[in-house]
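1. sequence and predicted model, in that order:
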Amino acid sequence: MSGSKLSKASRLSSRLLSLLLIFALSAMLAACGGSTGNGEGSTSGESATGGGSGETTGGSMAQGGETTGGTMEQGGTTAETTGGGETTGGSMESGGITEVPVDIQSYTLPGEEVYPEGVVYQESSGDFFVSSTSDGAIFRGTAGEAGSEAEVFLKGGQDDRSTAIGLELDGDGRLFVAGGDTGRMFVYDTESGDLVDSFQNEQENTFVNDVAITPNGDAYFTDSFSPVLYRLVADGDSFEFEEYLNLEDTPIQYEDGFNLNGIVATDDGQYLIVTHSTTGQLFRIDTESDEIVEIDLGGGEVAGDGMILDGQTLYAVTESDITTVELSDDFASGEIGDVFTSESFKSPTTIAKYDERLLVVNSQFDARESGNPKLPFTVSDVPIP
């Protein structure tokens, strides 16, 4: 489930080099009579570098209680610096100077073993919902209330929901929940919290991972282990479950490990876009003809987890980053664009968009085996660069 080509060691080395570069630039500016502050004892600067590739994370300098950070962008990767709450600073980009917003906020999730995964934003209420993989709990928070703690909306284990992965909302305020290795799919009323219905697949090896909803109300679920797409066909206030599309002998080839992961629908519902975690491929599925074509990325890869589609712009979580893809009008090809990250991210999995900002779930899956996550579990709230 990784789209990054950098090891942790190389990331650390890049950060150390960035710090040295920023301090050197600051010294040069000071020697030349350049600006060294903003009246509050902080030092900030912007510089342009030449060629280079890979990811570099800028360092931060704090004076007088205010933290200012530099951001360096090379090879299309924008790395933000954070420190002590809200961070401001300049950015460095290969071939030019780019302003990168670093207004980082966060929300906390109650519990010591949450290991969250899915998130969805409800525009009508301003609330967001987050799923727990540990016990299936669903949390509800309010976007824009920085530093607030989300509340338990659905208790873990309720309705035999022992885990919860991807989430999505329809236009009637119903919450759809993917049930991971239980093979189950749930639908809830967000006003009452009542269970509308639940469904079970018939696969022995299954991981129901993510869900997307088309304008007609149909819900489509990916399975990372079994080559099949499920569909809940909307019929008024009820749904009918079906194994919609068998993926054997199609361009989507399943391998050992995780396969199809994130899924999104186009605004008109004609296409579904899915990501293959192992191969880094994106596919377009026609919901009318069932035709499947690989999206031409010009040789690039997007080994994504959770995704959102905003017009023709696809945002995909790729390991510790968020990758953007500008898709063609027919969604058959795309160009990989900016890649950005934040030091607030901790094994991010999924994203949701509101007010030109992204809610990013910090799963901390990498700490699960050791059992030593950094508490509390959080959802980052970052502006879109």
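-> Now that the structure is in, tell me what you want to look at. Numbers count the residues shown, from 1 in each chain.
2. and Asp366, what are its phi and psi?
-> phi -70, psi -20 (degrees, to the nearest 10).
3. Provide a list of residues in contact with it.
-> 346-347 (Cβ atoms under 8 Å, 6 or more residues apart in numbering). For the C-beta atoms, the positions are set from N, CA and C on the backbone; glycine is no exception.
4. 6 Å - rerun?
-> Ser347 (Cβ atoms under 6 Å, 6 or more residues apart in numbering).
5. distance of it from Val119?
-> 18 Å (Cβ to Cβ, to the nearest Å).
6. hang on, isn't Tyr121 packed against Tyr354?
-> Yes: the pair Tyr121 / Tyr354 is scored as a contact, 4.8 Å apart, by Cβ atoms under 6 Å.
7. which one of the two has more residues nearby?
-> Tyr121 (21 against 15; other Cβ atoms under 10 Å).
8. tell me who's in contact with the more buried one.
-> 128, 352, 354.
9. which SSE is the second one in?
-> Pointing back at Ala352 there. Ala352 is part of strand 348-354, with elements assigned from DSSP states H and E.
10. run through the neighbouring helices and strands of the helix or strand following that strand.
-> Downstream of strand 348-354, the next assigned helix or strand under DSSP H and E is strand 357-362. If contacts are counted by 3 or more Cβ pairs under 6 Å, 6 or more residues apart in numbering; DSSP states H and E, strand 357-362 sits against strand 116-122, strand 348-354, strand 377-383.
11. can I get those strands in JSON lines including mean pLDDT and distance to Leu154?
-> Listed next are these as JSON lines, based on pLDDT from 0 to 100; distance: least, Cβ to Cβ, whole Å:
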{"stretch": "strand 116-122", "mean pLDDT": "98", "distance to Leu154": "13"}
{"stretch": "strand 348-354", "mean pLDDT": "98", "distance to Leu154": "17"}
{"stretch": "strand 377-383", "mean pLDDT": "96", "distance to Leu154": "17"}
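12. closest to Asp159 out of these?
-> strand 116-122 (16.6 Å; Cβ to Cβ).
13. pull the closest one out as PDB, backbone CA atoms only.
-> Extracted as PDB, the C-alpha positions of strand 116-122 are listed here (Å, rounded to 0.1, in the frame of the first residue of the first chain):
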ATOM      1  CA  PRO A 116      -8.900   4.400  12.700                       C
ATOM      2  CA  GLU A 117      -9.200   3.900   9.000                       C
ATOM      3  CA  GLY A 118     -12.100   5.500   7.100                       C
ATOM      4  CA  VAL A 119     -13.500   9.000   7.100                       C
ATOM      5  CA  VAL A 120     -16.300  10.800   5.400                       C
ATOM      6  CA  TYR A 121     -17.600  14.400   5.600                       C
ATOM      7  CA  GLN A 122     -21.300  15.400   5.800                       C
END
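14. so what touches the helix or strand just after that strand?
-> Heading C-terminal from strand 116-122, the first helix or strand you meet, by DSSP H and E, is strand 127-132. Contact with strand 127-132 is made by 114, 116-121, 138-143, 164, 167, 359, as judged by Cβ under 6 Å, 6+ apart.
15. now do the end-to-end distance for stretch 213-225.
-> 21 Å (Cα to Cα, to the nearest Å).
16. where does Phe199 land in three-state SS?
-> strand (DSSP: H, G, I helix; E, B strand; the rest coil).
17. the closest residue in space to it that isn't next to it in sequence and Gly193, how far apart?
-> Computed as Cβ to Cβ, 6 or more residues apart in numbering, the closest residue to Phe199 that is not its neighbour in sequence is Phe241, at 4.1 Å. Relative to Gly193, Phe241 is positioned 22 Å away (Cβ to Cβ).
18. who's in contact with Pro251?
-> The contact partners of Pro251, by Cβ under 6 Å, 6+ apart, come to 292, 294.
19. so it: helix, strand or coil?
-> Quick answer, by three-state DSSP: Pro251 is coil.
20. which pLDDT value goes with it?
-> As predicted, Pro251 sits at a pLDDT of 98.
21. ok, it to Val208 distance?
-> On the measure of Cβ to Cβ, Pro251 and Val208 end up 22 Å apart.
22. could you do Thr142 as well?
-> With Cβ to Cβ as the criterion, Thr142 and Val208 are 28 Å apart.
23. among the two, which residue is more densely surrounded?
-> Comparing Thr142 with Val208 by other Cβ under 10 Å, the one with more neighbours is Val208, at 28 against 13.
24. and that one, what pLDDT?
-> So Val208 comes in at 98 (pLDDT).
25. just for the stretch 1-150 of the chain, where's the confidence low?
-> 1-101 (pLDDT under 70).
26. re the thing from before, which residues are in contact with both of Tyr121 and Tyr354?
-> Counting by Cβ under 6 Å, 6+ apart, nothing touches both Tyr121 and Tyr354.
27. right, I'll call it a day here.
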